[in-house]
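Trainee: Would you be able to build a 3D model of this:
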Amino acid sequence: QRHYGQYDGFVVIHGTDTMAFAASVLSFVLENLQKPVILTGAQVPIHALWNDGRENLLGALLMAGQYVIPEVCLFFQNQLFRGNRVTKVDSRRFAAFCSPNLPPLAVVGTDVTINQELVRKARGKAPLVVHSCMERDVGLLRLYPGIPAALVRAFLQPPLKGLVMETFGSGNGPTKPDLLRELQAAAERGLIIVNCTHCLQGAVTSDYAAGMAMAGAGIVSGSDMTSEAALAKLSYVLGQPGLSLDCRKELLARDLRGEMTLPAGAKGQPSLSRSTLGRGVAQLLTLSQGAIVSTQEADAVRDAVAPSLACAAAHAGNLEVLQALVELGSDLSLENFNGQTPLHAA
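Mentor: Okay, the predicted model is just below:
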């Protein structure tokens, strides 16, 4: 944080065994990130004759120094991943990490291919916020067939405040009444339980009766988050002061840092095609995704047009357009060419 203003990007050298955990935690600790923070390491130490450390380090430096990707990322074996989407899948091969539910943000070969539509956009010019208050009393429990309810009860005791529970398939677990009673009792005590699948790919759903039963026990769906991301997110949410239990559960169900893929109907993205103003914002969205112009040009267009669009939306009472502009990273406190802000227009 002390050196944030001095550099355009950061590379963190990290051991591979816990790198996915560190990347996930950093993604929640660093809010309003405007610059790349890239973790990398090596399966074989860089001093060895045959190693992967040199290529990983050079690739991470290239991505941090040449591209504007304002996220916490992990670079390994010529691929740049979103940090809170990765997990380590091999203890020996150079291709040690994968992102099971999100393609790489970039691939380095003879050319560098950036998946611009996946890269998260920086929101306005808000200053970096470092969240140092992370709850430590969180845990990870993997269910298995026949797991005793007494063991689960012992695991759920204070001082535990939050639990990531790895379940079968699309979110199923044992349906024994005594086990479900333990989960229900823990939820009623205020313990937050996040349900993640132990499968490498896919998401938690409530399609099956067992999954529905567990959801009825007050458990929050972890969608397609990795266990590393779910644990980091739970620690972050529980570390936020002054929030009610319902607010914390709502935060856990939201996509905060690109860590989860929400169902199409739950993304909350407004339909912008019903008005001329909405269509204008939709075109601006297209620009911001790099479909027509470069990122720098899109930012310049957005900064020039957004204040007037925001004032027009405020005057018309169009909250959907205002929300879309916020998601673009527009600053709603900026004045338009008449010196008005959306608050004046409203």
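Trainee: in the protein, which spans are helices?
Mentor: 19-29, 53-66, 149-155, 177-188, 209-215, 227-239, 245-253, 276-288, 295-316, 319-328, 342-345 (DSSP state H).
Trainee: Would you mind measuring from residue 336 to residue 170?
Mentor: 48 Å (Cβ to Cβ, to the nearest Å). All C-beta atoms are positioned from the backbone trio N, CA, C, and that covers glycine.
Trainee: Dump the helices of the chain to a markdown table, plus mean pLDDT.
Mentor: Shown next, in a markdown table, are the helices of the chain (pLDDT from 0 to 100):
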| stretch | mean pLDDT |
| --- | --- |
| helix 19-29 | 98 |
| helix 53-66 | 97 |
| helix 149-155 | 97 |
| helix 177-188 | 91 |
| helix 209-215 | 56 |
| helix 227-239 | 98 |
| helix 245-253 | 95 |
| helix 276-288 | 57 |
| helix 295-316 | 75 |
| helix 319-328 | 77 |
| helix 342-345 | 80 |
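Trainee: Just tell me which of those ends up closest to residue 117.
Mentor: With Cβ to Cβ, the closest approach to residue 117 among the helices of the chain belongs to helix 276-288: 10.2 Å.
Trainee: and residue 116, how many neighbours?
Mentor: By the measure other Cβ atoms under 10 Å, the count of residues near residue 116 is 17.
Trainee: I figured residue 83 was touching residue 26, is that so?
Mentor: Yes. Residue 83 lies in contact with residue 26 (Cβ atoms under 8 Å); the separation is 6.4 Å.
Trainee: the more surrounded of these two?
Mentor: residue 83 (32 against 23).
Trainee: The nearest residue to that one once chain neighbours are set aside and residue 239, how far apart?
Mentor: Using Cβ to Cβ, 6 or more residues apart in numbering and skipping residues adjacent in sequence, the residue nearest residue 83 is residue 23, 3.1 Å away. Note on residue 23: its distance to residue 239, by Cβ to Cβ, is 18 Å.
Trainee: Which one of the two is surrounded by more residues?
Mentor: residue 23 (28 against 19).
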